[in-house]
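Colleague: below are the sequence and a predicted model; questions follow.
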Amino acid sequence: MKTSALPCLLAAICVLPLPALAGRSAAHVHGVASLQVAIDGGTLTLQFETPLANLLGFEHAPRSEKQKQAVRLMADRLRQAGAVFTPSPAARCSAISVELESPLLQPSPQSGDDAHADLDGSFVFRCQDPAALRDLEVGLFASFPRLQRIDVQVAGPRGQSAARLSPQQRRVSW
């Protein structure tokens, strides 16, 4: 596939009924996250969405130094994309960009006490041998024990698929 096909792949993930196959709920559900995987040539793009309670244990603006530190540590951990997501080693993939979006990552978080805040993460990897890219191990469960399930949708040159990951099943294959 050509690089210009990536937006089409990402759009296809969003409009196809794959979330229903994976059991994904559109609601903000604690313990549950979603991961969209798009493979386009040598580019592996991951879109991750989760309630902040899964990562921090709270979703409000940090009220103490301990909570502020928890937000910093969470962001630092997620920015280490290669340690959190492990593509097939034979594909020789390297993280080239990480973007994290959340109200709590703003300089002055304004989340209310009862707000349901999420974190959206975009992780892009460049793979030297994309033909060897067959799976992805997700290391989020070890770092964030409140996370119980990740509903995954995959779109790539081998087609589309869906999977459900858990602390016991951390690898999605395609």
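Modeller: That came through, no problem.
Colleague: right, and the helix or strand after the lowest-mean-pLDDT helix or strand in the chain?
Modeller: Ranked by mean pLDDT, DSSP states H and E, the weakest helix or strand in the chain is helix 18-22, scoring a mean of 38. Scanning forward in sequence from helix 18-22 by DSSP states H and E, the next helix or strand is strand 32-40.
Colleague: so which elements touch that next one?
Modeller: Judged by 3 or more C-beta pairs under 8 Å, 6 or more residues apart in numbering; DSSP states H and E, strand 32-40 is in contact with helix 6-15, strand 43-51, strand 149-156. (C-beta placed from N, C-alpha, C; glycine too.)
Colleague: so where's the protein uncertain?
Modeller: 1-27, 109-115 (pLDDT under 70).
Colleague: let's go with 80 and repeat that
Modeller: 1-28, 108-116 (pLDDT under 80).
Colleague: any idea which residue sits dead centre in it?
Modeller: Nearest residue to the geometric centre of the chain (C-alpha atoms, centre = their mean): F48, 2.4 Å.
Colleague: nearest residue to that residue other than its sequence neighbours?
Modeller: G121 (4.1 Å; C-beta to C-beta, 6 or more residues apart in numbering).
Colleague: the one you found bridge partners, please.
Modeller: F48, L100 (DSSP bridges).
Colleague: what do you get for the one 4 residues further on?
Modeller: Counting by DSSP bridges, F125 is bridged to L44, A95.
Colleague: ok, it touching I96?
Modeller: Yes. Counting by C-beta atoms under 8 Å, F125 does reach I96; the two are 6.5 Å apart.
Colleague: which one of those two has more residues nearby?
Modeller: Ranked by neighbour count (other C-beta atoms under 10 Å), F125 and I96 place F125 first, with 23 against 12.
Colleague: and that one, how far from I39?
Modeller: 10 Å (C-beta to C-beta, to the nearest Å).
Colleague: overlap in contacts of the two?
Modeller: Shared contacts of F125 and I39, defined by C-beta atoms under 8 Å, 6 or more residues apart in numbering, comprise T45.
Colleague: can you pull the contacts of the closest residue to L46 other than its chain neighbours?
Modeller: In space, and not counting its chain neighbours, L46 is closest to F123: 4.2 Å by C-beta to C-beta, 6+ apart. F123 makes contacts with T45, L46, F48, A81, V84, F85, A95, S97, V98, as judged by C-beta under 8 Å, 6+ apart.
Colleague: next helix or strand past the helix or strand harbouring F123?
Modeller: Assigned by DSSP H and E, F123 belongs to strand 118-127. Heading C-terminal from strand 118-127, the first helix or strand you meet, by DSSP H and E, is strand 135-138.
Colleague: who's in contact with that next one?
Modeller: Strand 135-138 is contacted from outside by 35, 37, 44, 46, 84-88, 150, 165, 170-174, using C-beta under 8 Å, 6+ apart.
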